[in-house]
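> Predicted coordinates and the sequence they were generated for:
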Amino acid sequence: MEYFVEQAPTHRDALEKVRRKYGDSAKVMHYKTVRIGGFLGLFGREGVEVTGYFSRGPQNREAAGRDGLGSRPARQDAAGGTGGSPAPGSATDFEEEKRKILGTVKNDGKTLDLLLKEVQGLKTKLEEREQAVPASATETDHETIDHVQQLLEKNEFSLSFSRQILSRLRREFALEALEDRDEVEASVVEWIGEAIPVRVHELGGRPHVFVLVGPTGVGKTTTIAKLAAMWGFGSAATSAADVRILTIDNYRIGARTQIETFGDIMGIPVHCVESYADLEKQIALYRDVDVVFVDTIGKSPRDSARIGEMKELLSACGQSMETHLAVSATTKTSDLGEIVQQFEPFGCTGLVATKLDETTKVGNLISALAEKQKPLVYVTDGQRVPQDIEPASVVKLLLHLEGFRIDRERLERRFGDGD
C-alpha cells in the first residue's frame, strides 16, 4: 500500500487527477482547502488537496507509467505532492522563490526590513480582501458543504459564525464521509449547540436584585411580570419566593399602569421610583425580601448619554444587583450584535431573549450569544403571564433551526436540557 497527496483547483479535478494517476482502486481519505501557486505566499488561488492510498496492481503501474512514475513509489515532496519534481505552488517552489528574491537584496538590515514590511503590508491587504468575499464565492467545496452553508444563511447566522462552522466541517469530515448528509447535519447542529452559552439563574443573598435593561419595544415590562410570577408562585424550575417589583419607567405612556395592573392581579407589591435616593431607599426597605425585579426605561442603544444616566441611577441598587439585557429574537443579526455591545457598560451577566414565537430564525440570536460570550438565561415565547417564559435551553433553541434534520433524542443526550 502506498500513499499520495495531490492538489487541484477543485475537488472534482482532484478526484479525476487521482483516478488518472493511480487508477480506480485509489482511495481518498481526507481533503482540505489549500492555496496553490503564488509568490512568497501571495497571489495564490484556492484549491483542494486530497490524501489517500492505493495498491500497485497492474492497472496502477500502467497509470503511473503514463505519468512518468514507472514502478517506483511516489515520492512525497515538501508540499505533500508526489513525483520526481516539485508541483507548481509547492513548498519547495516557495522556498526557491524566496531564496532567489532575498539573494538579490543587499544584506543590510534597513533594506531587508523595508522589503519585509512592504510584503507583509501587501499580504495583509490581500487577506482582508479575501475575508470580505462571501464563502459562497468559492467553487471548491463539496456539495454537502454548500448545502450546509445554505442552511446557515437561511437561519440568518452571522458571516463569521458560519465561517467557523464551515471551517470545522472541512477539517473534521473526510471527503467520503461528506456523502452521509444526515450525519453531517446532525454534527453541525451539535456544533451550533456547543457554541450556545446558557446559565441557570439562581438567587443570591437578600435581597437579590434582578435588573432588566434593553432597547424600547423588546417587552421588558411583560417579561418582568412573568419573572415575578414565576418566582412568586413557584414553578417546575423555581421554588416560591418573597417577591417585589420596582419600576423606573415613569415616562412611557401606560407603562406604570401596566406593571401595577400585573402586580394587583398577582398579589405582588409594585413601587415606582424616580430618583437615585428613592431607589436606594426602596432597596433598603426590601432588605428581607428574596428577590426584587426592576423594570427600566427602554433606551436606544445609540443614546449613550441616556444610557449613562440610567446606569448611574441603577447603581443605587448596590452590590446585590444583577443586570440582564433583554433582546428581541426578531432583531436582525447585525443590530443584535450592536445592541449587546452598546449595553456593555451595564455589565450584563446574561441575556433574556423575548418574542421567540414571532420568528422562525434563531441564527441571529445564537451568533450574538456565541460571539459576545453572553449566556442566555431566560426565553419568552408569547404574551401570557406567567406561562410564556422558561429558563434557557440549548435544545429549545436548536429545535427552532429551520431546514436542518433535527434528532431531538440525540440532542437531549448531548446537552441534557430538553423539555
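The structure has been received and is ready for your questions.
> show me the contacts for residue 189.
398, 401, 404, 406-407, 411 (C-beta atoms under 8 Å, 6 or more residues apart in numbering). Yep, even glycine has a C-beta here, placed from its N, CA and C like the rest.
> Tell me the buried residues within the residues you listed.
Those of the contacts of residue 189 that meet the buried threshold are 398, 401, 404, 406, 411, by 16 or more other C-beta atoms under 10 Å.
> Nearest spatial neighbour of the second one, chain-adjacent residues omitted?
Nearest residue to residue 401, sequence neighbours excluded (C-beta to C-beta, 6 or more residues apart in numbering): residue 155, at 5.8 Å.
> And for the last one?
With C-beta to C-beta, 6+ apart as the measure, residue 395 is the residue that lies nearest to residue 411, at 5.1 Å, once sequence neighbours are left out.
> Look at that neighbour and give its secondary structure.
helix (DSSP: H, G, I helix; E, B strand; the rest coil).
> hang on, isn't it packed against residue 408?
Yes. Residue 395 lies in contact with residue 408 (C-beta atoms under 8 Å); the separation is 7.2 Å.
> Please report the distance of the closest residue in space to residue 198 that isn't next to it in sequence from residue 381.
Distances taken as C-beta to C-beta, 6+ apart put residue 392 closest to residue 198, at 4.7 Å, once the chain neighbours are dropped. Noted for residue 392: a distance of 12 Å to residue 381, by C-beta to C-beta, to the nearest Å.
> More neighbours: the two, which one.
Under the criterion of other C-beta atoms under 10 Å, the comparison of residue 392 against residue 381 puts residue 392 first, with 23 against 19.
> The more buried one reaches residue 378, doesn't it?
Yes. Counting by C-beta under 8 Å, residue 392 does reach residue 378; the two are 5.9 Å apart.
> still on that earlier bit, residue 395 and residue 408 - which one has more neighbours?
Taking other C-beta under 10 Å, residue 395 and residue 408 do not tie; residue 395 has more neighbours (19 against 12).
> quick one, strands of this structure?
Using DSSP state E, the strands found in the chain span residues 2-8, 27-36, 45-54, 208-213, 243-247, 270-272, 291-295, 321-328, 350-354, 376-380, 389-391.
> Could you list the domains of the protein?
For the chain, automatic domain parsing gives the domain ranges 2-96, 141-198+394-419, 208-392.
> how long is the longest one from one end to the other?
Okay, so that is domain 208-392. 20 Å (C-alpha to C-alpha, to the nearest Å).
> how many other residues sit next to the residue lying closest to residue 374 once chain neighbours are set aside?
Distance criterion C-beta to C-beta, 6+ apart; nearest residue to residue 374, sequence neighbours excluded, is residue 351 at 5.1 Å. Residues near residue 351, counting by other C-beta under 10 Å, number 28.
> For residue 351, give its distance to residue 406.
23 Å.
> Likewise for residue 389?
Counting by C-beta to C-beta, the gap from residue 389 to residue 406 is 23 Å.
> got the domains of the chain as JSON lines, with mean pLDDT columns?
Formatted as JSON lines, the domains of the chain follow (pLDDT from 0 to 100):
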{"stretch": "domain 2-96", "mean pLDDT": "64"}
{"stretch": "domain 141-198+394-419", "mean pLDDT": "91"}
{"stretch": "domain 208-392", "mean pLDDT": "86"}
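> show me the contacts for residue 193.
394-395, 397-398, 411, 414-415.
> make it 7 Å
By C-beta atoms under 7 Å, 6 or more residues apart in numbering, the contact set of residue 193 is 394, 398, 411, 414-415.
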